[in-house]
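> Fold the stuff below for me.
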Amino acid sequence: MEILHSKKMSQEVSTSSTQKYLDVKEVKEDVIILKNGSMRFILAVSAINFDLKSSEEQEAIINNYKDFINSLDFPIQIIISSRKLNMQNYLDYLDSREKEQPNELLRFQIFEYKKFIDQLVKVSNIMEKNFYIVIPFSPIENKEGGFFSNLLSLKNPQKNILEKRENFETYKNQLIQRVDLVKIGLSRIGVKLIPLKTKDLIELLFDSYNPEVYNTVELKDPNKLEFIK
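Just a heads-up that it's a prediction; the model follows:
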């Protein structure tokens with residue numbers, strides 16, 4: 001019988017990088033670049049309490065959202081991220097305030113409040129929801145490039161780098177145009193949109209692929225991160 005998990009196989013898996021199994025190639029200038037050359041821009045979207053709106057407001061929101069969807073000539077992805085709320089930082093803050101409080105009565109009240117929050121988190125499944133919109137852009141592949149063009153690029157690497165930089169700026173500008181359309185369309189609904197920066201994108205990707213260590217690891221500065229190639 002064939003041994004599926006041999007010692008040699010386990011060693012190869014442990015030493016190989018998990019990054020090769022991901023679609024993400026790099027995060028650059030607030031844009032996610034995939035291995036196939038396509039780009040992604042992510043907006044964080046605020047929530048609105050639809051049930052508290054009047055019937056006229058609800059109807060206006062639905063109509064504006066319908067008009068927004070119909071106006072798009074490119075696909076978008078809506079992501080709802082649910083994570084168990086981590087209250088440890090808040091509990092540590094209360095603990096420090098308790099120690100600094102000179103009034104004994106106030107110190108006791110902070111202690112009771114801290115104990116209440118701690119018990120509430122333990123018995124309740126308090127979730128934190130975040131909403132994102134992913135806007136894609138796929139550059140058109142250059143079908144004229146072939147063996148000789150690749151050979152020339154190897155002979156002149158500086159020119160190749162400049163061309164890649166110019167292409168990146170061109171594609172990013174076209175992506176930003178799509179982002180502006182999404183901003184205009186959703187602003188009519190009453191939601192707020194915040195573009196994710198490079199560090200925010202890295203943290204979002206890290207949290208998505210490492211949910212078990214959510215809010216427990218502090219990431220380095222993005223400029224000091226080393227990506228395995």
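> how about the helices in this protein?
7-15, 55-71, 88-100, 104-123, 147-155, 157-187, 198-209 (DSSP state H).
> could you redo those helices as a markdown table and give each row mean pLDDT and distance to Lys25?
In short, each C-beta sits where N, CA and C put it, glycine included. Below are these laid out as a markdown table (pLDDT from 0 to 100; distance: least, CB to CB, whole Å):
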| stretch | mean pLDDT | distance to Lys25 |
| --- | --- | --- |
| helix 7-15 | 45 | 21 |
| helix 55-71 | 92 | 30 |
| helix 88-100 | 87 | 33 |
| helix 104-123 | 87 | 38 |
| helix 147-155 | 44 | 19 |
| helix 157-187 | 81 | 12 |
| helix 198-209 | 86 | 12 |
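> In space, what's closest to the residue most central in space within the chain - neighbours in sequence excluded?
In the chain, the centroid-proximal residue (CA atoms, centre = their mean) is Leu204; its distance is 3.5 Å. Leaving aside its sequence neighbours, Leu204 sits nearest to Leu196 (CB to CB, 6 or more residues apart in numbering; 6.6 Å).
> before we move on, back to that, for the residue nearest to the centre of the chain, give me its contacts.
Counting by CB atoms under 8 Å, 6 or more residues apart in numbering, Leu204 touches Ile42, Ser81, Tyr132, Leu196.
> Restricted to strands, list the residues you listed.
Cross-referencing the contacts of Leu204 against strands under DSSP state E gives Ile42, Ser81, Tyr132.
> Enumerate every residue touching Leu201.
Val27, Asp30, Ile32, Ile42 are the contacts of Leu201 under CB under 8 Å, 6+ apart.
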